[in-house]
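A.B. asks: fold the following.
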Amino acid sequence: MIKLLHMADLHLGSRFRAFSPRQAATMEARQETMLRRLVELCHREECQLVLVAGDVFEGSTIDRDLIRLTANCFGQMGVPVFIAPGNHDPLGLNSPYDQIVWPENVHIFRRPQLEAVVLDDLDLCLWGAGYTAMDCPPLLEGFRGQSNQTYRLGLLHGDAVMTGSPYCSITREQVAASNLHYLALGHIHRGSGFVAGQTACAWPGCPMGRGFHECGTKGALVVTLSDGTPEVRFVDLGLGLFRELSVAVGEDAAGDILRAVGEDTSDLACRVILTGQREPVDTDALWEQLGGRFFLLELRDETAPPVDVWASAGEDTLEGLYFGLLQKAMEEAGAEEQQTLTLAAKLSRRLLDGQEVKLP
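C.D. replies: Alright, predicted model coming up:
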């Protein structure tokens, strides 16, 4: 049995220009936290191998101290670490991979063709490749891994989501024909994967959210190789800082938001879409009330003006007859049934007005 750590798309050295100077400094510090947590995860899970599927760095103009810190963290993992450079950090002019001497346990794939590395002590053969430009041909096309080792792995910065992608496009058919046990990918920042033939293919997504385009839980994959299909387990690093949520607000909009988000908001970046029927929200005043509770708060008012659902009751139309019958039933109903009838009237009004309906 072999246990490995699979990470991708760290994008170290991101500038965070959309943030205030204070927020940008915090985000940069959190990227260093991300590195330390990845080292801790490797040790805690007792991983024997680390696969890094590209875009370790945001670009070529990376502070050399950050490159050294990254190299030191990979060195501290104490096991073989393999890196497949991607479209953001290709090997070429001013590549961050050529600016320092990397630890002996770190191997960087430097060619845009799949090459094999055998790890005899793990009874494993790994094929990998690295970008030398900002795009890459479909390297898995026509590939079939053949080796005498028990385990066969692949490591690529590749796109298995968009057909014909310029970033090493990968198809299910190619994965199924690869003869690999596990294909470790990067590039897509929302983690996912699939099994094709006898091959498990996965990408972990980015280990830290950097903006509202990277909402949700973020982390890395711990993969266990044994007999049969590899076991792929996602591990949350606790750096999914960005959330987007819709909140139906009444008169106490601030309270409605806090109840929806939860108690601890100081480390959260939230985009809150305000919904419901009420008078327009003064988002500036609301932000003044709540902004200090969050790392970052963005408010969008998508509320709709209040509507008199009974306005057409009694009209000489099918609609008027329908609402008139509901209104009459309300007069004879108990409190609980009145709530049900009121809800039916509201949902009906929204449907008749061509609005989206979400059942409670």
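
A.B. asks: doesn't residue 243 fall inside a strand?
C.D. replies: Yes: according to DSSP: H, G, I helix; E, B strand; the rest coil, residue 243 belongs to a strand.

A.B. asks: so what's the residue count around it?
C.D. replies: When neighbours are defined as other Cβ atoms under 10 Å, residue 243 has 18 of them. (C-beta placed from N, C-alpha, C; glycine too.)

A.B. asks: what about it, distance to residue 287?
C.D. replies: Here residue 243 is placed at a distance of 16 Å from residue 287 (Cβ to Cβ, to the nearest Å).

A.B. asks: for the residue located most distally from the centre of the chain, what are its contacts?
C.D. replies: Residue farthest from the centre of the chain, counting by Cα atoms, centre = their mean, is residue 316 at 53.5 Å. By Cβ atoms under 8 Å, 6 or more residues apart in numbering, the contact set of residue 316 is empty.

A.B. asks: and it, how far from residue 271?
C.D. replies: 46 Å.

A.B. asks: cool, residue 264 as well?
C.D. replies: 18 Å.

A.B. asks: neighbour count: these two, which is higher?
C.D. replies: Remark: of residue 264 and residue 271, residue 271 carries more neighbours, 17 against 8, as counted by other Cβ under 10 Å.

A.B. asks: buried stuff in the helix or strand containing the more buried one?
C.D. replies: Using DSSP states H and E, residue 271 sits in strand 269-275. By neighbour count with 16 or more other Cβ atoms under 10 Å, strand 269-275 contains the buried residues 269-272, 274-275.

A.B. asks: same check on stretch 11-30?
C.D. replies: Neighbour-count burial for stretch 11-30 flags 11-14, 16, 19, 26-28, 30 (criterion: 16+ other Cβ under 10 Å).

A.B. asks: same check, this time on stretch 314-322
C.D. replies: Result for stretch 314-322 [16+ other Cβ under 10 Å]: buried residues residue 322.

A.B. asks: pLDDT weak spots in the stretch 251-360 of the chain?
C.D. replies: The stretch 251-360 of the chain contains residues with pLDDT under 70 at 357-360.

A.B. asks: could you redo the last one with a cut-off of 90?
C.D. replies: 262-267, 276-279, 304-316, 319-320, 323-324, 326-336, 338-360 (pLDDT under 90).
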